[in-house]
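Asker: What shape does this take:
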Amino acid sequence: MKKHKIVIVCLLLTVVAIAQPASEIINLGNVDMWDDQSLIATIAGHDPDLDDKLTLDLVPELSQMPYSTVVAITKVPICAEPNTPYPVTVACWQLSWRPGGPGEYGLVFVLSDGTLSAYGRVNVSVRHRNRPPVLQPLADVLIN
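Answerer: Numbering: from 1, shown residues only. Alright, predicted model coming up:
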């Protein structure tokens with residue numbers, strides 16, 4: 001059975017959903033990992049408007065990653081409350097990503113309340129792990 005290695009990080013997108021152009025992308029953090037690992041991260045966001053519903057999406061056209069790469073974003077029900085002096089709407093998502101190989105990647109996300117948006121970027125450095133070669137057993141050989 002092949003072991004699957006995972007890197008787990010927590011990224012806090014403490015972005016108040018204000019009008020923010022895509023050119024103003026907040027750095028959410030840097031992740032270093034090996035090419036045989038998967039990244040699992042929690043991304044949290046908040047909005048001071050208590051009646052807003054928040055969404056988080058990957059922005060492929062702003063991200064630096066191969067098009068064949070699949071990023072899964074799943075909303076999670078329980079989230080830590082940010083340390084703010086006022087009540088806020090809070091939401092959390094779990095990100096799952098397996099890079100296509102070594103390289104420098106940038107994943108850009110947009111947090112939206114339906115009207116206003118904020119952008120955040122995660123920089124991921126994926127290093128190649130040198131693994132030993134594996135010999136395959138010979139098939140049955142018939143000698144005459």
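Asker: The residue nearest the centre of the chain bridge partners, please.
Answerer: With distances taken as C-alpha atoms, centre = their mean, residue 95 lies nearest the centre of the chain, 4.4 Å away. Residues in a beta bridge with residue 95, per DSSP bridges, are residue 41, residue 73.
Asker: Wait, it touches residue 70, no?
Answerer: No - taking contacts as C-beta atoms under 8 Å, residue 95 lies outside contact range of residue 70: 11.4 Å. Backbone N, C-alpha and C define where each C-beta goes, glycine included.
Asker: quick revisit: quick one: contacts for the residue nearest to the centre of the chain?
Answerer: 11, 39-43, 71-73, 107 (C-beta atoms under 8 Å, 6 or more residues apart in numbering).
Asker: Among the residues you listed, name the buried ones.
Answerer: Applying 16 or more other C-beta atoms under 10 Å to the contacts of residue 95, the neighbour count classes 11, 39-43, 71, 73, 107 as buried.
Asker: From those residues, which shows the smallest pLDDT?
Answerer: Minimum pLDDT for these is recorded at residue 11 (50).
Asker: how near is residue 42 to residue 102?
Answerer: 25 Å (C-beta to C-beta, to the nearest Å).
Asker: Also residue 87?
Answerer: 44 Å.
Asker: swap in residue 136?
Answerer: 25 Å.
Asker: just residue 41 next, same as before
Answerer: Per C-beta to C-beta, residue 41 is found 19 Å from residue 102.
Asker: same thing with residue 73?
Answerer: Taken as C-beta to C-beta, the span from residue 73 to residue 102 is 23 Å.
Asker: Just grab the bridge partners of residue 127 for me.
Answerer: Taking DSSP bridges as the rule, residue 127 bridges to residue 34.
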